[in-house]
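Participant: Structure of the sequence below:
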Amino acid sequence: HERQVQASLARGGGRRARARTAAKRVITTSDYQCMSNPAPATGIAAVPDAGASTTNYGAVLVQQDNVMRQQDAALTDLSRSIGTLRTMGGQIHNELTLQSNLLDDLERGVDRTQGTLASQQGRMKKLLQKTKNNWLYCSILLLIVVLCIIIYIMLTI
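Facilitator: Numbers count the residues shown, from 1 in each chain. Predicted coordinates for the structure are as follows:
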């Protein structure tokens, strides 16, 4: 029976092997008997079954080993998912930084364009005012010429 326990504890690698080695030093056969006969809800410790066979302990060890393997697989999947989420988070951060920079550039361009547009609108108003004044000057000049012609015609008659 002890060989089965040692062989079961020695299987696996890395963290599980160290944990099983540490468990080999601490857990005894009577502990496994208590595991197979849990304590009642009253808080009184369960008495080990003297007739329990060593195959029950092997089955418990195999079941624990399977549970640990399932947990390791779940942790590996969780680790991959977390890694994927971390990568996606980094990509989202980079994209947001890029978009923020583009928006800042666009805002600066719009500000420059608004300044230029305001300046050009001012120049256009001045030009329109000058054009309006020029038409007035031209009209006045034309009227003066017409008046001179009328005076000349009247004097020559």
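Participant: So Ser81: helix, strand or coil?
Facilitator: Following DSSP: H, G, I helix; E, B strand; the rest coil, the label given to Ser81 is helix.
Participant: if I look at it, how far off is Ala74?
Facilitator: In this view, Ser81 and Ala74 are 10 Å apart by C-beta to C-beta, to the nearest Å. Glycine gets a C-beta too; all of them are placed from N, C-alpha and C.
Participant: Can you tell me which helices and strands the host helix or strand of Leu117 packs against?
Facilitator: Assigned by DSSP states H and E, Leu117 falls within helix 54-156. Counting by 3 or more C-beta pairs under 8 Å, 6 or more residues apart in numbering; DSSP states H and E, the packing neighbours recorded for helix 54-156 are helix 2-10, helix 29-36.
Participant: mind redoing it with 10 Å?
Facilitator: With contacts taken as 3 or more C-beta pairs under 10 Å, 6 or more residues apart in numbering; DSSP states H and E, helix 54-156 sits against helix 2-10, helix 15-26, helix 29-36.
Participant: Least reliable of these by average pLDDT, please.
Facilitator: Looking at those, the lowest mean pLDDT belongs to helix 15-26 (a mean of 44).
Participant: Low-confidence ranges, this protein, go.
Facilitator: 1-55 (pLDDT under 70).
Participant: try 90 this time
Facilitator: For the chain, residues meeting the criterion pLDDT under 90 lie at 1-59, 124-141, 152-157.
Participant: Next one: Pro114 from Ala59, what distance?
Facilitator: To be clear, residue 114 is Gln; Pro isn't right here. Gln114 is 80 Å from Ala59, by C-beta to C-beta.
Participant: same thing with Ile157?
Facilitator: Taking C-beta to C-beta, one finds Ile157 at 142 Å from Ala59.
Participant: Neighbour count: these two, which is higher?
Facilitator: Of the pair Ile157 and Ala59, Ala59 is the one with more neighbours under other C-beta atoms under 10 Å, namely 12 against 5.
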